[in-house]
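S.K.: Provide a 3D model corresponding to the input given below.
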Amino acid sequence: MAFSRISKLDPPSRGIFRRAAVMLGSLLTSLFLLHCLTDRCSTVKGSSSRVEGHYEELRSIRSKRLLYEWTAGSELTGYGSSRRSSRVLTDERVEQPEESLMLQPPDLVASRKVSPRFAGKLSPLGEGSKKLPQALIIGVKKGGTRALLEFLRVHPDIRAVGAEPHFFDRNYENGLEWYRDLMPKTLEGQITMEKTPSYFVTREAPARISAMSRDTKLIVVVRDPVTRAISDYTQTLSKKPDIPSFESLTFKNRTTGLIDTSWSAIQIGIYAKHLDNWLQYFPMEQILFVSGERLISDPAGELGRVQDFLGLKRIITDKHFYFNQTKGFPCLKKAEGSSKPHCLGKTKGRTHPNIDPEVVQRLRDFYRPFNMKFYQMTGRFFGWDD
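M.R.: Here you go, the predicted structure:
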């Protein structure tokens, strides 16, 4: 009986062993698969991080693009806003991603989000670049050129050199790059200017300026040649008190009344003669003559003509000026870069010495035929012979 019971129990024991073996095999298989899956997940995680990095780079580039479009779409009313836009874009230095991930900057002009005039001002290149001047104040000495330049510098679309470069008369051998380096930086749409009054009477100047650019616009401030000559003499007298009298310098021989045209103070005022030289290189429509007298009596009116000539909006108006009774000429209520009134320095508006009336009349008679020819050439009557 006992033996038969044990025999009956043997088959169940072998079944349990087989089940245990199967379970152990399954466990080992599971462990192997778990190891493989763990290693695979690590690989996937690394790939996921790289992909996430690329997407982060894309988001960064898209953010910068949105900033660019938002800046361009903002209202642009003048020079200040343009400078601010450029500065925002300059401070955002975009790192270059892989070529396949690069987003091209939007064509703001083509998409009509900004006018072509301001497109250059939004460039992330910074505060502009130095350019050769597109307009020159070429004369005349003691005509009012300094006043005109100071008035024009109020305009946001004009940048000008303060000092006189004298490039086309004294420093031409230094080359155009030297000349360009003297200029202030300008943004797209702004005009670079300089003034050197001696250009108008320098024989070589027209050809040299034409060689730089035939499209250069020329501005000449002219004044009654007799008054101009006296003003010229007054300036020289302030520097050299021992020079001869105005009367003695005016004539080669006072008895005969022959005017000394070799004296620069007299020679500069023969405007028609100098203009002939300029017209060999520039058409009359590229030369604007500004009245020195009207620049005093009606500065806004003359500045309006100049702004039209330069193709600029009339921004400088009556509201920019007040008349200084002491000096006898207009001053700016607010100068460029300042909130205070500004008048020209003490070297402007000097008191003229008393000149013999007979000498003054002789000079008026001398200049009259030249003045008439000048009126004809320019198509403008300046009223110096009334």
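S.K.: every contact and neighbour count from this point should use C-alpha atoms.
M.R.: OK.
S.K.: got the phi/psi numbers for Ala229?
M.R.: phi -60, psi -40 (degrees, to the nearest 10).
S.K.: same check on Phe382?
M.R.: phi -100, psi -10.
S.K.: from Asp224, how far out is it?
M.R.: Counting by Cα to Cα, to the nearest Å, the separation of Phe382 from Asp224 is 8 Å.
S.K.: cool, Thr261 as well?
M.R.: When distance is defined by Cα to Cα, Thr261 is 16 Å away from Asp224.
S.K.: now do Leu312
M.R.: 28 Å.
S.K.: try Ile138
M.R.: Distance of Ile138 to Asp224, given as Cα to Cα: 17 Å.
S.K.: okay, the two: which has more neighbours?
M.R.: Ile138 (24 against 19; other Cα atoms under 10 Å).
S.K.: so that one sits in a strand?
M.R.: Yes - the assignment for Ile138 by DSSP: H, G, I helix; E, B strand; the rest coil puts it in a strand.
S.K.: contact partners for it?
M.R.: By Cα atoms under 8 Å, 6 or more residues apart in numbering, the contact set of Ile138 is Lys195, Thr196, Pro197, Ser198, Tyr199, Phe200, Leu218, Ile219, Val220.
S.K.: count the residues that sit near Gln286.
M.R.: Neighbours of Gln286 (other Cα under 10 Å): 16.
S.K.: any idea of the pLDDT on the spatially closest residue to it that is not a sequence neighbour?
M.R.: Computed as Cα to Cα, 6 or more residues apart in numbering, the closest residue to Gln286 that is not its neighbour in sequence is Lys217, at 5.2 Å. Reported pLDDT at Lys217 in the predicted model: 98.
S.K.: cool, and Glu56?
M.R.: With respect to pLDDT, Glu56 has a value of 51.
S.K.: again with the one 10 residues further on
M.R.: The predicted local confidence for Leu66 comes out at a pLDDT of 39.
S.K.: over to the one 4 residues further on?
M.R.: Note on Trp70: pLDDT of 36.
S.K.: ok, Thr256 next?
M.R.: We have a pLDDT of 85 for Thr256.
S.K.: and it, that's in a helix?
M.R.: No - applying three-state DSSP, one finds Thr256 to be coil, outside a helix.
S.K.: mind checking how far it is from Arg362?
M.R.: Applying Cα to Cα, the value for Thr256 to Arg362 is 11 Å.
S.K.: ok, now Gly301?
M.R.: The spacing between Gly301 and Arg362, counted by Cα to Cα, is 32 Å.
S.K.: got phi/psi on Arg146?
M.R.: Here is the backbone geometry of Arg146 (degrees, to the nearest 10): phi -70, psi -40.
S.K.: shaky segments in the chain?
M.R.: Counting by pLDDT under 70, the chain has low-confidence residues at 1-15, 17, 34-126, 335-340, 345-350, 386.
S.K.: excluding its backbone neighbours, what's nearest Gly292?
M.R.: Arg223 (4.9 Å).
S.K.: so who does that neighbour touch?
M.R.: Contacts of Arg223 (Cα under 8 Å, 6+ apart): Gly143, Ser291, Gly292, Glu293.
S.K.: one more: Pro299?
M.R.: Asp318, Phe321, Pro330.
S.K.: now do it against Gln286, distance only.
M.R.: Pro299 is 21 Å from Gln286, by Cα to Cα.
S.K.: swap in Tyr322?
M.R.: Tyr322 sits 31 Å away from Gln286, going by Cα to Cα.
S.K.: CA atoms of stretch 155-163 as PDB?
M.R.: The C-alpha coordinates for stretch 155-163 follow below in PDB (Å, rounded to 0.1, in the frame of the first residue of the first chain):
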ATOM      1  CA  HIS A 155      16.700 118.000 -41.100                       C
ATOM      2  CA  PRO A 156      16.700 114.300 -40.100                       C
ATOM      3  CA  ASP A 157      17.600 113.100 -43.600                       C
ATOM      4  CA  ILE A 158      20.700 115.300 -43.900                       C
ATOM      5  CA  ARG A 159      24.100 114.500 -42.400                       C
ATOM      6  CA  ALA A 160      26.900 117.000 -42.900                       C
ATOM      7  CA  VAL A 161      30.600 117.500 -42.100                       C
ATOM      8  CA  GLY A 162      31.000 120.400 -39.700                       C
ATOM      9  CA  ALA A 163      34.500 121.600 -40.800                       C
END
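S.K.: how many residues are close by Leu187?
M.R.: Count around Leu187 with other Cα under 10 Å applied: 26.
S.K.: could you find the closest non-adjacent residue to it?
M.R.: Closest to Leu187 by Cα to Cα, 6+ apart is Gly128, at 4.5 Å.
S.K.: isn't the one you found right up against Lys185?
M.R.: Yes - the criterion here is Cα atoms under 8 Å, and Gly128 meets it with Lys185 at 5.4 Å.
S.K.: which residues in this protein form helices?
M.R.: Secondary structure of the chain (DSSP state H): helices at 2-73, 79-91, 116-119, 145-152, 176-182, 205-212, 225-239, 246-250, 264-267, 271-278, 292-297, 299-309, 357-378.
S.K.: how close does Ala211 sit to Met193?
M.R.: Relative to Met193, Ala211 is positioned 17 Å away (Cα to Cα).
S.K.: who's more crowded, the two?
M.R.: A side-by-side neighbour count of Ala211 and Met193, using other Cα under 10 Å, places Met193 first with 23 against 10.
S.K.: which residues touch the nearest residue to that one once chain neighbours are set aside?
M.R.: By the measure of Cα to Cα, 6+ apart, the closest residue to Met193 outside its immediate chain neighbours is Ala160, 4.5 Å from it. Counting by Cα under 8 Å, 6+ apart, Ala160 makes contact with Leu149, Arg153, Met183, Pro184, Thr192, Met193, Glu194.
S.K.: same question, Arg180
M.R.: Lys130, Lys131, Leu132, Pro133.
S.K.: fine by me, thanks again.
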